[in-house]
Every structure is written in structure tokens, then in C-alpha cells.
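> Any chance you could fold what I've pasted below:
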Amino acid sequence: MGFLYWLTTVLDVIYFGAVKVNPLLAGILDLNILVYSGIKLWTAILIGFMFYKVYTIEKTLGINSHLEQFFARTS
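This next block holds a predicted model:
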């Protein structure tokens, strides 16, 4: 989902003249698309790593999270 968000944002800004509403990321995107892309990629990797670490800690300690139970029931 993060990739699709990044892709649509970059394509909209480059080809359709869209403007980012977030002032921090808008400034970065206006200066350099590669820096913006790196920030978005790094954020996605960091969040994925954090979810992975929480998962391994829960499994090591034998903790069952409420979110895990919710998603197990809905799938």
C-alpha cells in the first residue's frame, strides 16, 4: 500500500501538477523527488521492522495479542 501511495503521489505531482498538503513532505518533494522517495522507503522499512520485532517478542514470550486474534477470526 505504501508503494502505491508513493507511486500515485509522484506521478500526480510530476504529470498532473498535484500539490502535497503536508507542508514538510511538500517542501521535500519540491526540492528533490529522490530524497522524498528515500524518506518514504525508509519509513515503510522501519514500520515493517517494528511490526516484525513486536511479533517475534510476542512469540518468544508466548503473548497473544488482541489484534492477532481479531485478524485470525476475520480471515
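
> Check what pLDDT the residue most central in space within the chain gets.
Nearest residue to the geometric centre of the chain (Cα atoms, centre = their mean): A44, 3.8 Å. According to the prediction, A44 has pLDDT 87.

> Looks like it contacts L4 (just checking).
No: using Cβ atoms under 8 Å, A44 is not in contact with L4; the gap is 11.3 Å. From N, CA and C alone the C-beta is placed, and that goes for glycine too.

> longest helix in this structure, by residue count?
helix 33-61 (DSSP state H).

> Just list what that one packs against, helices and strands only.
On a contact count with 3 or more Cβ pairs under 8 Å, 6 or more residues apart in numbering; DSSP states H and E, helix 33-61 meets helix 2-16, helix 23-31.

> Out of these, which gets nearest to G62?
G62 sits nearest to helix 2-16 of all the helices and strands packed on helix 33-61, at 30.8 Å, using Cβ to Cβ.

> just for the protein, where's the confidence low?
63-75 (pLDDT under 70).

> redo that, cut-off 80
1-2, 58-59, 61-75 (pLDDT under 80).

> got the contact list for the residue nearest to the centre of the chain?
A44 sits next to G2, F3 when contact means Cβ atoms under 8 Å, 6 or more residues apart in numbering.

> Against G38, how distant is the nearest residue to I39 once chain neighbours are set aside?
Distances taken as Cβ to Cβ, 6 or more residues apart in numbering put I28 closest to I39, at 6.6 Å, once the chain neighbours are dropped. Distance of I28 to G38, given as Cβ to Cβ, to the nearest Å: 10 Å.
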